[in-house]
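>>> I'd like to go over a predicted model; first the sequence, then the structure.
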Amino acid sequence: MAKDYYAALGLEKSASAELIKKAYRKLAMKYHPDKNPGDKQAEERFKEITEAYAVLSDPEKKQQYDQFGDTGFHQRFSQEDIFRNVDLGNIFREFGFGGRGGDDIFSQLFGGLGGHQGYSTHTRPRPVKGQDYLMRLTIPFRQAVLGGERRIDLDRDGQAEQLQVRIPAGVESGQKLRISGKGGASQASGPAGDLLLEIHVTADSRFRREGSDLYTTVKIPFSGACLGTSVTVETLEETKRVKLKPGTQSGSKIRLKGFGVPGRPGKQAGDLYAVIEIAVPGELNDKQRKLLEKLRDLEL
């Protein structure tokens with residue numbers, strides 16, 4: 001489960017070091033185990049706020065947490081790392097807590113990790129993962145919908161690389177694709193970071209997308225709208241001939257089931273909607289004008 005250290009202390013991300021310390025002191029006095037003997041809920045809350053304070057009171061850990069978020073931070077820091085060199089004894093004395101020392105409480109709640117004497121010598125720190133890279137990748141609309149392969153040029157730690165990337169069908173603008181192990185090298189014998197490709201999809205002149213459905217516009221003449229006609233509808237991969245009934249209105253939609261965004265496992269394909277637009281000619285020849293004038297006289 002994701003942890004929000006700022007929320008745990010009731011703070012905004014912009015909180016100063018002084019506010020972080022003040023918020024922890026207030027909550028720690030409320031939930032301290034010596035003040036709540038046998039209360040498991042208070043104990044869990046005390047553990048939560050103490051872990052939050054251990055991270056946010058350390059400038060380096062706080063910077064990592066702010067930069068990478070909860071998931072990225074915990075890929076880089078184990079619980080041993082979080083509490084390394086955290087002297088709860090001094091903290092509790094500073095806050096005026098009596099009773100058991102910080103190390104005793106810490107051993108009870110966290111199994112002896114951290115403390116001013118360091119983490120347990122029987123545990124090894126988790127290797128620190130390399131930095132993730134973020135790269136913007138612009139792809140055409142049709143490839144975003146249908147998927148495909150894309151070649152990208154990447155500069156990894158000063159080394160040029162070419163990657164062939166698979167674009168999954170249905171990817172959207174703003175979505176990130178993760179390429180494992182193609183980020184920065186670890187400085188502590190850990191795994192390399194990942195490459196995150198932030199997708200940007202270009203607009204298409206014929207189609208627009210809403211969720212898993214696609215929309216296109218089909219123009220028909222006024223006579224076809226009145227009398228009925230057949231039209232050609234272009235999909236992303238083929239064309240379909242569709243009949244329109246007499247009295248078709250401008251703005252009405254023709255649904256082509258399954259011709260939208262391809263389905264993914266457990267999810268159906270979207271549909272394509274052809275939106276009807278009645279075309280009004282910019283100019284008329286004499287014969288057309290006379291016929292339309294007669295229709296106007298007939299109130300059509």
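Alright, I've got the coordinates. Numbers count the residues shown, from 1 in each chain.

>>> break the protein down into its domains, please.
5-110, 133-201, 208-297 (automatic domain parsing).

>>> those: lowest mean pLDDT?
Here the lowest mean pLDDT among the domains of the chain goes to domain 5-110, at a mean of 79.

>>> quick one: distance of that domain to the chain centre.
How far domain 5-110 lies from its chain's middle: 28 Å, per CA atoms, centre = their mean, to the nearest Å.

>>> one more: stretch 212-229?
Stretch 212-229 sits 37 Å away from the centroid of its parent chain (CA atoms, centre = their mean).

>>> just the residues contacting it, thanks.
Stretch 212-229 has contacts (CB atoms under 8 Å, 6 or more residues apart in numbering) with 145, 170, 206-209, 231-234, 236, 243-250, 254, 259-261, 263, 267-280, 300. In this view, the C-beta of every residue, glycine as well, is placed from N, C-alpha and C.

>>> can I get the domains of the chain in TSV with mean neighbour count?
TSV is the format used below for the domains of the chain (neighbours: other CB atoms under 10 Å):
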stretch	mean neighbour count
domain 5-110	16
domain 133-201	15
domain 208-297	14
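
>>> now the strands for the stretch 1-150 of the chain?
For the stretch 1-150 of the chain, strands defined by DSSP state E, counting those that start in this stretch occupy the ranges 133-139, 148-156.

>>> then the stretch 151-300 of the chain?
Under the criterion DSSP E, counting those that start in this stretch, the stretch 151-300 of the chain carries strands at the ranges 159-167, 176-179, 195-201, 208-210, 213-221, 229-234, 239-244, 253-256, 272-279.

>>> residue 189: which of these is closest?
Nearest to residue 189 among the strands of the stretch 151-300 of the chain is strand 159-167 (19.1 Å), distances taken as CB to CB.

>>> got the angle for the closest one vs strand 195-201?
50 degrees (axes from the mean of the first three to the mean of the last three CA atoms, to 10 degrees).

>>> so which other helices or strands are in contact with strand 159-167?
Other helices and strands packing on strand 159-167, by 3 or more CB pairs under 8 Å, 6 or more residues apart in numbering; DSSP states H and E, are strand 148-156, strand 176-179.

>>> same list, these, but as JSON lines with distance to residue 284 please.
What follows is the helices and strands packed on strand 159-167, written out as JSON lines (distance: least, CB to CB, whole Å):
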{"stretch": "strand 148-156", "distance to residue 284": "46"}
{"stretch": "strand 176-179", "distance to residue 284": "53"}
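
>>> residue 9: which of the ones you listed is closest?
Ranking those by proximity to residue 9 (CB to CB) places strand 176-179 first, at 28.9 Å.

>>> touching that closest one from outside, list them.
Here strand 176-179 makes contact (CB under 8 Å, 6+ apart) with 134, 137, 163, 165, 167-168, 171, 194-199.

>>> for residue 156, state which of the residues you listed is nearest.
Nearest to residue 156, judged by CB to CB, of the contacts of strand 176-179 is residue 195 at 8.3 Å.

>>> now do the contacts for that closest one.
Residue 195 sits next to 132, 133, 135, 154, 163, 178, 179, 182, 183 when contact means CB under 8 Å, 6+ apart.

>>> still on that earlier bit, now distance to residue 294 too, for the strands of the stretch 1-150 of the chain, in a markdown table please.
Putting those into a markdown table (distance: least, CB to CB, whole Å) gives the following:
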| stretch | distance to residue 294 |
| --- | --- |
| strand 133-139 | 53 |
| strand 148-156 | 54 |
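
>>> ok, residue 44 to residue 51 distance?
Separation of residue 44 from residue 51 (CB to CB, to the nearest Å): 11 Å.

>>> overlap in contacts, the two.
If you check residue 44 and residue 51 against CB under 8 Å, 6+ apart, no residue is contacted by both.

>>> backbone dihedrals for the residue positioned nearest the centre of the chain, please?
Nearest to the mean C-alpha position of the chain, by CA atoms, centre = their mean, lies residue 175 at 6.0 Å. Dihedral pair for residue 175: phi -70, psi 150, per degrees, to the nearest 10.

>>> now the spatially closest residue to it that is not a sequence neighbour, which residues is it bridged with?
Of all residues not flanking residue 175 in the chain, residue 199 sits nearest, at 5.0 Å (CB to CB, 6 or more residues apart in numbering). Per DSSP bridges, the residues bridged to residue 199 are residue 137.
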